[in-house]
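Test case, fold it:
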Amino acid sequence: MNQDIIHHLSQDPDLGKVIASTPMEWPEAGDDIYYSLLRSIVFQQLSGKAASTIHGRFINLFTEGYPYPAEVLAFDLPALRSVGLSRQKATYIQNVAEFFQQENLLGKDLSDMENEAVIHYLTQIKGVGRWTVEMLLMFTLNRPDVLPLDDLGIQQAIQQLYGFTEKGRALKTRMLEISEPWRPYRTYASLYLWRWKDSGGV
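Residues are numbered from 1 along each chain as shown. Sure thing, here's the model as predicted:
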């Protein structure tokens, strides 16, 4: 990562300690919004191993190994459910396919849209929530300044690091206040906080 980003984030002494003590391997970014959305739906509320198995079976349904919208929509729900998807997830996957087909979005990168505009646009799809689009912004569209306020891991890491116990709206208000100096690199701060929490924190 650019040393200027590390220097900027380390101006916050608490976050600076996290950065100094947390080895970081940066995830490889994708570039396929459609594929990333389908994958995120499969992985929701499942362990990594189970989700990977179901995702593999899902992809194997398609002759070219890619779930083009028209092919997804050609399957009925029982066929999609046969790979291990719940009825709800199968429906959400078809919702995504239908939206991308209708909007002619396949292969487009949305790079000309602001973060909030992307969130508003894609959360029109039933089954795609704000958190899912924020993950897309961070890991597929490579947006540097995303703070996923609804992410439990980020909430817990910030509470632990800064020593407060607020919940609900008060929690999010504190998170925004604390993270304001991190702009325009809150994505990178979030990555450090996730890794720090997963390694046991303080």
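
Number of residues surrounding Arg186?
Residues within reach of Arg186, counting by other Cβ atoms under 10 Å, total 23. Using the backbone N, CA and C atoms, a C-beta is placed for each residue, glycine as well.

From Glu180, how far off is it?
9 Å (Cβ to Cβ, to the nearest Å).

Near the residue nearest to Thr22 when sequence neighbours are not counted, how many other residues are there?
Counting by Cβ to Cβ, 6 or more residues apart in numbering, Thr22 lies nearest to Trp196, which is 4.8 Å off, once chain neighbours are set aside. By other Cβ under 10 Å, 22 other residues sit near Trp196.

Give me the secondary structure label for Trp196.
helix (DSSP: H, G, I helix; E, B strand; the rest coil).

Give me the pLDDT value at it.
Looking at Trp196, its pLDDT stands at 93.

residues touching it, list them.
Taking Cβ atoms under 8 Å, 6 or more residues apart in numbering as the criterion, Trp196 is in contact with Val18, Ser21, Thr22, Ala157, Leu161.

Next, the buried residues of the one helix or strand the last one maps to.
So that's Leu161. Using DSSP states H and E, Leu161 sits within helix 152-162. For helix 152-162, burial by neighbour count (16 or more other Cβ atoms under 10 Å) applies to Ile154, Gln155, Ala157, Ile158, Gln159, Leu161.

mind showing which ranges of the chain have poor pLDDT?
Judged by pLDDT under 70, the chain has its weakly predicted residues at 1, 29, 201-202.

Show the contacting residues for the residue sitting nearest the centre point of the chain.
By Cα atoms, centre = their mean, the chain has its centre lying nearest to Met135, at 1.6 Å. Contacts of Met135 were listed using Cβ under 8 Å, 6+ apart, and they are Ser40, Pro148.

which parts of the helix or strand hosting it are buried?
Counting by DSSP H and E, the element that carries Met135 is helix 130-139. Of the residues in helix 130-139, Trp131, Thr132, Val133, Glu134, Met135, Leu136, Leu137, Met138, Phe139 count as buried by neighbour count, 16+ other Cβ under 10 Å.

Quick check, the fourth one in contact with Val146.
This points to Glu134. Yes. With contact defined as Cβ atoms under 8 Å, Glu134 reaches Val146; the gap is 5.5 Å.

Which helix or strand contains Leu15?
Per DSSP H and E: Leu15 is located in helix 13-21.

In that helix, which residues are buried?
Buried positions in helix 13-21, judged by neighbour count with 16+ other Cβ under 10 Å: Leu15, Val18, Ile19.
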